[in-house]
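Asker: dropping a prediction and its sequence here:
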Amino acid sequence: MRLHEIGEFGLIARLKEIVWRADPRVMVGIGDDAAVVTYERPVVMTTDALVQGVHFTSETMTPKLTGAKAAVATLSDLAAMGAVARHLLVTLALPPDTDVEEILAVYRGMADVCNMYDATLVGGDVVSTGGPLVISVTATGELLDKPLLRSGAKPGDILFVTGDLGGSAGFLHAFFADRLAMLNPLDQSLLRERHQRPTPQFIAAQILVEEGCTSLNDVSDGLASEAHEIAEASGARLVIEAARVPIPPALRAYARLGRLDPLDFALYGGEDYQLVGTVDVRSVGRVLARMQAAGVRFTVIGRVTDGAPGVELLAQGVYQTLEKRGYNHFGAAFRGGKEIR
């Protein structure tokens, strides 16, 4: 069944059935001119958008995975601010001949993420477009304490990341270069998982709020770009030790086979949705212990030093200025010889 056969209101009725969940914070949900919700603490708001053929493609993502990832990309910003998720508003721009089942699958993916992180989709908009599918997600959350900003790093702080980096970009590179078959099935699966099923780092964020994190950013556009944002906002100089950057073994295997540098994927790839930030050196032991107890990978990758704002990479004993590169919506980005973003 195509979208033009059921129309806007027929689609909304079906979507409402998928995303409805009991939420005492929702006074008015889908079905009126606007949603009405209640909050007890300061509210954090963020928005993100995915465009088919730019941010995702049917070659690498199913509709359900795309919906889940669209929600995660937005929720990741809430985690980076030290907030918990509360509500989502979703706008879809859809070609009239879109398969209705694909749209429902997108919302099932979003609903799964909402259920996992106690968030509720309370409304949005549906419009027609002659262009590609566009998914825009606005999310609200409540602060756990003070907001975690990019601007608090100071000399002497420790620089860290959660999880590992580069797997999503590595998967896209391998896929579009027709090199996935070079890897064993387990490594293929691990890289695919990094790209298709990221997770917002709410557990890590809660620990960082409680332990006094000095700055924080989510890794959506690559470690180099996000580190520069912290350096510029804080007026500080960051040093990243190349040997400490956590890279998944599957990506290292792919890089060896393709004679590539796996660090490039971590620094410039993006879509990892991990957290990079700084903590006071006196707190790092407690933070590490709590992260390990919670099952969160936490890696010290460098430090904050005196000097002009910027980022340096220390590799094999040599310091070099790290360019502010990463995913840029208005700059060409090529993966595997094919422009996909």
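Answerer: Perfect, I can see it now. Numbers count the residues shown, from 1 in each chain.

Asker: isn't Glu8 up against Ile103?
Answerer: No: applying CB atoms under 8 Å, one finds Glu8 not in contact with Ile103, separated by 11.4 Å. (C-beta placed from N, C-alpha, C; glycine too.)

Asker: who has more neighbours, these two?
Answerer: Per other CB atoms under 10 Å, whichever of Glu8 and Ile103 has more neighbours is Ile103, with 22 against 13.

Asker: contacts only, for that one.
Answerer: 3, 11, 15, 63, 92, 94 (CB atoms under 8 Å, 6 or more residues apart in numbering).

Asker: ok, the residues you listed vs Leu257, which is closest?
Answerer: Closest approach to Leu257 among the contacts of Ile103 (CB to CB): Pro63, at 31.4 Å.

Asker: in space, what's closest to that closest one - neighbours in sequence excluded?
Answerer: Ala105 (3.8 Å; CB to CB, 6 or more residues apart in numbering).

Asker: and for Gln320?
Answerer: Nearest one to Gln320, counting by CB to CB, 6+ apart, is Leu313 at 5.4 Å.

Asker: the host helix or strand of that neighbour packs against which elements?
Answerer: Assessed by DSSP states H and E, Leu313 sits inside strand 310-315. Judged by 3 or more CB pairs under 8 Å, 6 or more residues apart in numbering; DSSP states H and E, the packing partners of strand 310-315 are helix 223-234, strand 237-241, strand 318-321.

Asker: for the first one, what is the average pLDDT?
Answerer: Taken as a whole, helix 223-234 has a mean pLDDT of 98.

Asker: now that helix against strand 310-315, angle please.
Answerer: Orientation check (axes from the mean of the first three to the mean of the last three CA atoms, to 10 degrees): helix 223-234 against strand 310-315 gives 140 degrees.

Asker: remind me which residues of this structure are low pLDDT?
Answerer: Within the chain, the segments meeting pLDDT under 70 span 327-341.

Asker: tell me the centre residue of it?
Answerer: With distances taken as CA atoms, centre = their mean, the residue of the chain nearest its centroid is Tyr273 (3.1 Å).

Asker: which residues are in contact with that one?
Answerer: By CB under 8 Å, 6+ apart, the contact list for Tyr273 reads 72-73, 76, 198-201, 218-220.

Asker: please apply the same query to Thr278.
Answerer: Residues near Thr278 by CB under 8 Å, 6+ apart: 152-154, 157-160, 213-216, 230, 234, 304.

Asker: hey, what's it bridged with?
Answerer: Residues in a beta bridge with Thr278, per DSSP bridges, are Leu159, Ser215.

Asker: could you pull out the strands in the stretch 51-200 of the chain for me?
Answerer: 83-94, 120-128, 134-143, 158-162 (DSSP state E, counting those that start in this stretch).

Asker: just name the most buried of the ones you listed.
Answerer: Of the strands of the stretch 51-200 of the chain, the one with the most neighbours on average (mean count of other CB atoms under 10 Å) is strand 158-162, at a mean of 25.

Asker: could I have that strand exported to CSV, CA atoms only?
Answerer: Presented in CSV, the C-alpha positions along strand 158-162 are these (Å, rounded to 0.1, in the frame of the first residue of the first chain):
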residue,chain,number,x,y,z
ILE,A,158,42.2,14.0,31.8
LEU,A,159,40.7,13.4,28.3
PHE,A,160,38.6,10.3,27.8
VAL,A,161,36.2,8.5,25.5
THR,A,162,33.5,5.9,26.1
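
Asker: how far away from the center of its chain is it?
Answerer: Taking CA atoms, centre = their mean, to the nearest Å, one finds the center of strand 158-162 at 16 Å from the center of the full chain.

Asker: quick one: contacts of it?
Answerer: Residues from elsewhere that reach strand 158-162 (CB under 8 Å, 6+ apart): 153, 201, 204, 219, 223, 227, 238-240, 245-246, 274-281, 284, 287, 291, 296-304.

Asker: now swap in stretch 293-304 and tell me
Answerer: Contacts for stretch 293-304 (CB under 8 Å, 6+ apart): 153-164, 201, 203-204, 207, 234, 236-241, 244-246, 278, 284, 287-288, 291-292, 314.

Asker: sec struct for Val281, please.
Answerer: Secondary structure state of Val281, per DSSP: H, G, I helix; E, B strand; the rest coil, is coil.

Asker: just want the angle from the strand holding Leu313 to strand 237-241.
Answerer: Going by the same axes, to 10 degrees, strand 310-315 makes 20 degrees with strand 237-241.

Asker: hang on, Gly258 packs against Met182?
Answerer: Yes: between Gly258 and Met182 there is a contact under CB under 8 Å: 7.2 Å.

Asker: which residues are in contact with both of those two?
Answerer: With CB under 8 Å, 6+ apart as the test, Gly258 and Met182 both reach Ala174.

Asker: excluding residues flanking it in the chain, which one is nearest Asn217?
Answerer: Glu226 is the one closest to Asn217 (CB to CB, 6+ apart), at 4.5 Å.

Asker: Val300 and Ala79, how far apart?
Answerer: 20 Å (CB to CB, to the nearest Å).

Asker: more neighbours, these two?
Answerer: Higher neighbour count among Val300 and Ala79: Ala79, with 30 against 16, using other CB under 10 Å.

Asker: for that one, give me its contacts.
Answerer: The contact partners of Ala79, by CB under 8 Å, 6+ apart, come to 200-202, 204-205, 218, 275.

Asker: all set, thanks.
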